[in-house]
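1. mind folding the following:
(2 chains)
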Number of protein chains: 2
Amino acid sequence: MAGKQKPVQVQEPVPLRLTCAFARRMHATPKSFIREILKVTENPDIISFAGGLPNPDLIDVRGIAQAATDVLRDDGRAALQYATTEGYPPLRQYIADRYRTRLGLDVSPEEILITNGSQQCLDLIGKILVDPGDRIVIERPGYLGAIQVFSLYEPVFVPVELEPEGPDPAAFETALAGGDAKLFYGIPNSQNPSGITYSEERRKACVDILAGTRTIVVEDDAYGELRFSGRSPPPLKKYLPDQTILTGSLSKIVAPGMRLGWVCAHLPIMDQLVVAKQASDLHSNFLSQRIASRYLEDTDIDAHIRKIRDAYRKQRDCMIATMQDVMPEGVSWTEPEGGMFIWVTLPPGCSSMEVFTHALREQVAVLPGIPFYIDGGGTDTLRLNFSNADTGRIAEGIERLGQVIRSMTR
Amino acid sequence: MAGKQKPVQVQEPVPLRLTCAFARRMHATPKSFIREILKVTENPDIISFAGGLPNPDLIDVRGIAQAATDVLRDDGRAALQYATTEGYPPLRQYIADRYRTRLGLDVSPEEILITNGSQQCLDLIGKILVDPGDRIVIERPGYLGAIQVFSLYEPVFVPVELEPEGPDPAAFETALAGGDAKLFYGIPNSQNPSGITYSEERRKACVDILAGTRTIVVEDDAYGELRFSGRSPPPLKKYLPDQTILTGSLSKIVAPGMRLGWVCAHLPIMDQLVVAKQASDLHSNFLSQRIASRYLEDTDIDAHIRKIRDAYRKQRDCMIATMQDVMPEGVSWTEPEGGMFIWVTLPPGCSSMEVFTHALREQVAVLPGIPFYIDGGGTDTLRLNFSNADTGRIAEGIERLGQVIRSMTR
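-> Here you go, the predicted model:
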């Protein structure tokens, strides 16, 4: 089976007809396994748990269309002109205000930079901070998109096992020993891929280890608004405000196609992020910024987010209930408090690549966990997305998946 | 005067309260002089020739608003969802088709990647090709945005004097000797900042020197559609199709606020560009891509471009005619066949920074040419933008500028 895994994980050699040499950093950058798989699963007959798409029924197309009409009618010329690198001031103000009311963070609009989705934050952070050979501490399993983009800056990754409560404290302490790891990158709320949320106690343990080091914390909070019940523990930024760069996104609560994310950082870091952003693409799409800002002004976004949460909670419940019914003994899974993903561990010896292949024959797509492991491993894990499909298709897909796994573990 | 120039040109030290170290590449990256100046000139009372903005009266707000309405009504969910890294296929097809009809280039849609404005093309090209110490041959004066973004990849710049017909062939040959310069970056049509268009003969001379080297040509064609009369000579891509990466933009012909550019490259290079784009920000704003695609389908874009050309030609004529009237002897300027900029050379000993300072007191903003020179120099040059202001303000502003320069050269 090991032989089967490699061709998907490892980047294919480019058929070079040119004699030019690509930069060294490109050799270290994995091609997205997810995108390769998504290409296979674009067929609408396939029930896909492989991607990470929001449910399109929960995008407020009418509200966004109205905002677009209003912006282009009232201030079209300005909305279509070049704009400042930092982003549209009222949108930055909105984000800062929401951090204050929602998380009690004392953040000014000057500490917010609007990006092309939160993925771009990671590119800008890598650009301004990471020299070749710098150590980046990252969860194990870790977010594939972060692994990809940070790889461009040729760091040494130091994976720390993610336990149900958060990073393993002993391993975390070892990883950060010496105090000079460049970054710790983590997703404390409903992590991608595992669905794990760090407990408050574990956050404090991490913070105690991080405090006093020169390590910058990159806290990716793409899923913080998608918590199904209760409140998330405080963000790491709350404990380590100057040391933490917090990233966020409208992709999960408004619409991903508008590519609007942001990075929230202490001003000395922000100054450098702005230089990097300006060099990279001058500024983010201003029309989208204006539409999103207008939409957020005119909409009860909390009511909209409640609607998304309710739907995703039902979808998660349906996926878990069906798994309880159909999965054979030895299969286990996380029960995430929010977000979009469930993490499945197969019985010993059961290969996720084999499950992927067999399930695809039954028109079900899953994502093997392998590319989330920098140092190998994860061959018995799967990431299942529950946000994209409705409950009917989730139940149907999980039943077929259960059958596949049962037939393999018999 | 030299003492006065430094504070604007050189990046200010960041007030570091953190003990983290920024990446080495950031030390090499100049903060945009233009942006710093634009902040000074945001006051609407100031007549600004310092920026590079299109005339907002020439943005078809109504047409774009209609396209937005249509897209969000007909296919809103898809337009607001995640999309492919490469870009919206019909938009890529449109761009490829237009290359074929307009320039006779044999380009397939697979060779087009949609970016966040053409500035992002340069970041992606730097990412995939440039290792620290690689040589980048660039025009002198050279486009500031390219200098900024390529600096992130820590190259050695090799400036080649730009003559009225194009790069100085002897200097170009010397710069490319050895055959292993990584990139040649140039803007053959209405260059920024000089307004110079390479002649057909000079293009051929450059191509002869480039052919057979391992140097990749980055042909930035942001202004190719803005030629005021006649036809541009063939693009370098026409002579060296596999060796040339061509970049383009909708910013000058549709609207800059939508941040839509593209890179056109031979497939082996494109494969790597797609990996870098995906790592950098997954994909470009899909809503904008859909709106732009719809707009281009439903609009007579050639008629619209003619309108822009006619207006800019008049604005250029007005600027040149006024300069002829008011500039003292010893001041010379380019007479660009297109684009957005005129390049002014002051009489010997007349400092552009001093002109900048004095003109600002008269509520006129100009851009000293200094930051376009990597290796120093250009202290007696100015870049004047003629696209943003109408002819009334151009005449008024140039009259004031003439007075300032006359008073300094008396």
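
2. contacts, neighbours, all on C-alpha from now
-> Noted.

3. for the stretch 201-350 of chain A, give the residue positioned nearest to chain B.
-> Closest to chain B within the stretch 201-350 of chain A is A:G257: 4.0 Å, counting by CA to the nearest CA.

4. can you classify that residue by secondary structure?
-> Following DSSP: H, G, I helix; E, B strand; the rest coil, the label given to A:G257 is helix.

5. tell me which residues in stretch A:385-398 are buried?
-> Of all the residues in stretch A:385-398, those buried under the rule 16 or more other CA atoms under 10 Å in any protein chain shown are A:N385, A:F386, A:S387, A:N388, A:A389, A:D390, A:T391, A:R393, A:I394, A:A395, A:G397, A:I398.

6. sorry, wrong one. I was asking about stretch A:162-180.
-> A:L162, A:E163, A:P164, A:G166, A:P167, A:D168, A:P169, A:F172, A:E173, A:A175, A:L176, A:D180.

7. one more: stretch A:178-193?
-> Quick answer for stretch A:178-193 (16+ other CA under 10 Å): A:180-193.

8. confirm that A:V137 sits in a strand.
-> Yes. Membership of A:V137 in a strand is supported by three-state DSSP.

9. list the beta-bridge partners for it.
-> A:V158, A:F184 (DSSP bridges).

10. run a quick neighbour tally on it.
-> Using other CA atoms under 10 Å in any protein chain shown, A:V137 has 24 other residues around it.

11. follow-up on the earlier one: of the buried residues of stretch A:178-193, which one scores lowest on pLDDT?
-> Minimum pLDDT across the buried residues of stretch A:178-193 is recorded for A:D180, with 91.

12. show the pLDDT at the residue nearest to that residue when sequence neighbours are not counted.
-> What sits nearest to A:D180 in space, not counting adjacent residues and going by CA to CA, 6 or more residues apart in numbering or on different chains, is A:R214, at 5.4 Å. Listed pLDDT for A:R214 reads 94.

13. my guess is A:R214 meets A:G178, correct?
-> No. Using CA atoms under 8 Å, A:R214 makes no contact with A:G178, being 9.3 Å away.

14. quick revisit: three-state assignment of the residue nearest to A:D180?
-> Note that with three-state DSSP, the state of A:R214 is coil.

15. count the residues that sit near it.
-> 19.

16. my read is that A:D310 contacts A:F228, right?
-> Yes. Contact criterion CA under 8 Å: A:D310 and A:F228 qualify, at 7.0 Å.

17. buried residues in stretch A:292-302?
-> Buried, per 16+ other CA under 10 Å, within stretch A:292-302: A:A292, A:S293, A:R294, A:Y295, A:L296.

18. got a list of contacts for stretch A:65-79?
-> Residues from elsewhere that reach stretch A:65-79 (CA atoms under 8 Å, 6 or more residues apart in numbering or on different chains): A:286-287, A:290-292, A:294-295, A:298, B:56-57, B:59, B:61-62, B:65, B:68-69, B:72-73, B:257.

19. list the buried residues in that stretch.
-> A:A65, A:Q66, A:A67, A:A68, A:T69, A:D70, A:V71, A:L72, A:G76, A:R77, A:A78, A:A79.

20. show the pLDDT at the residue of the stretch 201-350 of chain A closest to chain B.
-> At A:G257, pLDDT is 96.

21. what's the closest non-adjacent residue to it?
-> A:G257 sits nearest to B:L80 (CA to CA, 6+ apart), 4.0 Å away.

22. the one you found - how many residues pack around it?
-> 26.

23. and the stretch 151-300 of chain A, which residues reach chain B?
-> A:152, A:182, A:214-216, A:242-243, A:255-259, A:268, A:271-272, A:275, A:278-288 (CA under 8 Å from any CA of the partner chain).

24. is any part of the longest helix along chain A close to chain B?
-> For chain A, the helix with the greatest residue count under DSSP state H is helix A:301-326. No. On the criterion CA under 8 Å from any CA, helix A:301-326 is out of touch with chain B, staying 15.0 Å away.

25. off-centre distance for whichever helix or strand comes after that helix?
-> Of the helices and strands lying after helix A:301-326 in sequence (DSSP states H and E), the nearest is strand A:332-333. Here strand A:332-333 shows a centroid-to-chain-centroid distance of 21 Å under the convention CA atoms, centre = their mean, to the nearest Å.

26. returning to what we had before: from the buried residues of stretch A:292-302, which land in strands?
-> Among the buried residues of stretch A:292-302, no member is found in strands (DSSP state E).

27. how about the helices in the stretch 101-250 of chain A?
-> Under the criterion DSSP state H, counting those that start in this stretch, the stretch 101-250 of chain A contains helices at A:117-129, A:144-151, A:169-176, A:200-210, A:236-239.

28. out of those helices, which is closest to B:H27?
-> For B:H27, the closest of the helices of the stretch 101-250 of chain A is helix A:117-129, at 9.5 Å, according to CA to CA.

29. could you say what helices and strands the closest one packs with?
-> helix A:144-151, strand A:244-249, strand A:260-264, helix A:267-281, helix B:24-27, helix B:267-281 (3 or more CA pairs under 8 Å, 6 or more residues apart in numbering or on different chains; DSSP states H and E).

30. do you know which of those lies nearest A:S118?
-> strand A:260-264 (4.4 Å).

31. what's the angle from the closest one to helix A:267-281?
-> Regarding strand A:260-264 and helix A:267-281, their directions subtend 150 degrees when assessed with axes from the mean of the first three to the mean of the last three CA atoms, to 10 degrees.

32. for the buried residues of stretch A:385-398, which one is nearest chain B?
-> Distances from chain B to the buried residues of stretch A:385-398, taken by CA to the nearest CA, are shortest for A:N388, at 10.9 Å.

33. any stretches of chain A with poor pLDDT?
-> Scanning chain A for pLDDT under 70 picks out A:1-20, A:29-36, A:38, A:41.

34. so what's the nearest residue to A:Q403 once chain neighbours are set aside up against?
-> Excluding its sequence neighbours, the residue lying closest to A:Q403 (CA to CA, 6+ apart) is A:V326, at 7.3 Å. By CA under 8 Å, 6+ apart, the contact set of A:V326 is A:I398, A:E399, A:G402, A:Q403.

35. domains of chain A?
-> A:2-60+A:303-409, A:80-298 (automatic domain parsing).

36. next one: the shortest one to chain centre, how far?
-> Its chain's C-alpha centre lies 14 Å from the corresponding centre of domain A:2-60+A:303-409 when counted by CA atoms, centre = their mean.

37. and if you look at the last one?
-> With CA atoms, centre = their mean as the basis, the distance from the averaged C-alpha position of domain A:80-298 to the chain average is 10 Å.

38. span of that domain from start to end?
-> 21 Å (CA to CA, to the nearest Å).

39. stretch A:376-383 now?
-> 16 Å.

40. hmm, back to that, and the residue of the stretch 201-350 of chain A closest to chain B, how many neighbours?
-> For A:G257, using other CA under 10 Å, the count is 25.

41. returning to what we had before: for the residue nearest to A:D180, phi and psi?
-> Phi and psi for A:R214, reported as degrees, to the nearest 10, are phi -90, psi 10.

42. returning to what we had before: ok, of the buried residues of stretch A:178-193, which one's closest to chain B?
-> A:K182 (7.6 Å).

43. OK, contacts around A:R231?
-> A:R231 neighbours (CA under 8 Å, 6+ apart): none.

44. output stretch A:226-237 as PDB, nothing but the C-alphas.
-> Taking Å, rounded to 0.1, in the frame of the first residue of the first chain, the C-alpha atoms of stretch A:226-237 are listed here in PDB:
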ATOM      1  CA  LEU A 226     -18.900  28.200  13.500                       C
ATOM      2  CA  ARG A 227     -19.200  26.900  17.100                       C
ATOM      3  CA  PHE A 228     -22.300  24.900  17.500                       C
ATOM      4  CA  SER A 229     -23.000  25.500  21.200                       C
ATOM      5  CA  GLY A 230     -21.600  27.300  24.200                       C
ATOM      6  CA  ARG A 231     -18.600  29.700  23.900                       C
ATOM      7  CA  SER A 232     -15.100  29.000  22.700                       C
ATOM      8  CA  PRO A 233     -12.300  29.500  25.200                       C
ATOM      9  CA  PRO A 234     -10.400  32.800  24.800                       C
ATOM     10  CA  PRO A 235      -8.100  33.100  21.800                       C
ATOM     11  CA  LEU A 236      -4.300  32.800  22.300                       C
ATOM     12  CA  LYS A 237      -4.200  36.500  21.200                       C
END
